[in-house]
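J.: Take a look and give me a structure for this.
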Amino acid sequence: MQNTLQIPNVRTLAVFTLLSVIVYVTGTFTGIDWAVFFHDFKSSYSPPARYLRTLLCAFLAFLAWGYGLTRRDQQLLWTAFVAICIADFLLILAEKFIAGVAVFLVVHLILTVRHAQGFKESLAPEYRYHTIRYLILSALLIFIPGTLMIIVAGPALEKSHMEGLDIVYMVVLMTSAWMAWGTLARPFYKPLNAWLIAVGMSFFFFCDISLGLSHVFSTSNPFLSDVFGLVPDLTYSTALSMVALSGFAWSKAPPAEEEGLIAA
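T.: A predicted model of the protein is given here:
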């Protein structure tokens, strides 16, 4: 049976119109950021445009009202986006890096809880072997490269005097990505929702790593800092949009009747 988005035509139009606006806004500030990188001029356009993008993605998540998977899933997703809006305000507009990172820690903890839904059910006898094998494989693919990255960036982390915070954030970020990819092995999410979560959180992962490295190298290597600083332009809007879209019910069943576990 083909997955279709069961929302009214007006809301469907609103979803795709909003996605188009998000793409447009992202394109404008990305173009300006790259122009600034190559031509070295000043522009005040990007910060408010970036925050507008965040607000639009949050609104996209809220459009799933009444057409989400379960009430708890919607509550977790909306709470995460409220926290994302606060974190981005602190990082982008207020330029409070430590405070923004602290709120993003909360964001990833909320998303980890959301994406761990169905974990207990995935250990039922009929799913257990597949689940454990997948968890081990995905953990190796995420935690080994992440740990190596911490080791390689160790000297720069020491110079930034934020080694402790960076390591804690990296562990939380890796766990968040691990749980996101785990949705593909658990029966709670439909395949399309699971792929939106897994790919979207991968973009989130690369965005956060590049932003952190940009901050770490801000004093020791400004050029490398600027290069890493351009990566979020290419990843963050995609991450937020895909995670927001994962909140919609992509099944034939009326969303209001979706009370419990969503079968795979």
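J.: Spit out the contact partners of residue 65.
T.: Contacts of residue 65 were listed using C-beta atoms under 8 Å, 6 or more residues apart in numbering, and they are residue 74. Where you see a C-beta, it was placed from the backbone N, CA and C, and this is true even at glycine.
J.: Find me the pLDDT at it, would you?
T.: The per-residue pLDDT reported for residue 65 equals 85.
J.: and it, that's in a strand?
T.: No. Residue 65 is assigned coil when assessed by DSSP: H, G, I helix; E, B strand; the rest coil, not a strand.
J.: roughly how far apart are it and residue 144?
T.: Separation of residue 65 from residue 144 (C-beta to C-beta, to the nearest Å) stands at 40 Å.
J.: From the rest of the structure, what touches stretch 131-138?
T.: The list of residues contacting stretch 131-138 from outside it, by C-beta under 8 Å, 6+ apart, reads 122-123, 178, 181-182, 184-186.
J.: Now it: buried residues?
T.: 131, 134-135, 138 (16 or more other C-beta atoms under 10 Å).
J.: Restrict it to CA atoms and write it as PDB.
T.: What follows is the C-alpha trace of stretch 131-138 in PDB, where atoms were taken according to Å, rounded to 0.1, in the frame of the first residue of the first chain:
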ATOM      1  CA  THR A 131      17.100  -4.900  16.500                       C
ATOM      2  CA  ILE A 132      20.200  -5.900  18.500                       C
ATOM      3  CA  ARG A 133      22.200  -6.500  15.300                       C
ATOM      4  CA  TYR A 134      21.100  -3.200  13.900                       C
ATOM      5  CA  LEU A 135      21.800  -1.300  17.200                       C
ATOM      6  CA  ILE A 136      25.400  -2.800  17.300                       C
ATOM      7  CA  LEU A 137      26.100  -2.000  13.700                       C
ATOM      8  CA  SER A 138      24.800   1.600  13.900                       C
END
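J.: returning to what we had before: just the buried subset of the contacts of stretch 131-138, please.
T.: Burial by neighbour count, 16+ other C-beta under 10 Å: within the contacts of stretch 131-138 this picks out 122, 178, 181-182, 185-186.
J.: can you tell me which of these are in strands?
T.: Taking DSSP state E, every one of those sits outside strands.
J.: ok, back up a step: farthest-apart pair in the contacts of stretch 131-138, please.
T.: Using C-beta to C-beta, the contacts of stretch 131-138 span at most 16.8 Å, a distance reached by 123 and 181.
J.: Give the rounded mean pLDDT of stretch 142-157.
T.: Along stretch 142-157, the predicted confidence averages to a pLDDT of 81.
J.: Identify the residues contacting it?
T.: 163, 166-167, 170, 173-174, 177-178, 181, 209, 213, 216-217, 220.
J.: In helices only, show me those.
T.: In helices, judged by DSSP state H, the following of those are found: 163, 166-167, 170, 173-174, 177-178, 181, 209, 213, 216.
J.: Mind checking which of these are buried?
T.: Applying a neighbour-count criterion of 16+ other C-beta under 10 Å, the buried members of the ones in helices among the contacts of stretch 142-157 are 163, 166, 170, 173-174, 177-178, 181, 209, 213, 216.
J.: Which pLDDT value goes with residue 163?
T.: 73.
J.: same deal with residue 250?
T.: As predicted, residue 250 sits at a pLDDT of 68.
J.: residues contacting residue 78?
T.: Contacts were defined as C-beta under 8 Å, 6+ apart; by that measure residue 78 touches 61-62.
J.: Please, where are all the helices along the stretch 151-264 of the chain?
T.: Assigned by DSSP state H, counting those that start in this stretch, the stretch 151-264 of the chain shows helices spanning 154-160, 163-182, 191-216, 222-245.
J.: before we move on, the earlier item: include pLDDT and secondary structure when you put the buried residues of stretch 131-138 into CSV, please.
T.: Conversion of these to CSV gives the following (pLDDT from 0 to 100; DSSP: H, G, I helix; E, B strand; the rest coil):
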residue, pLDDT, secondary structure
131, 87, helix
134, 89, helix
135, 90, helix
138, 91, helix
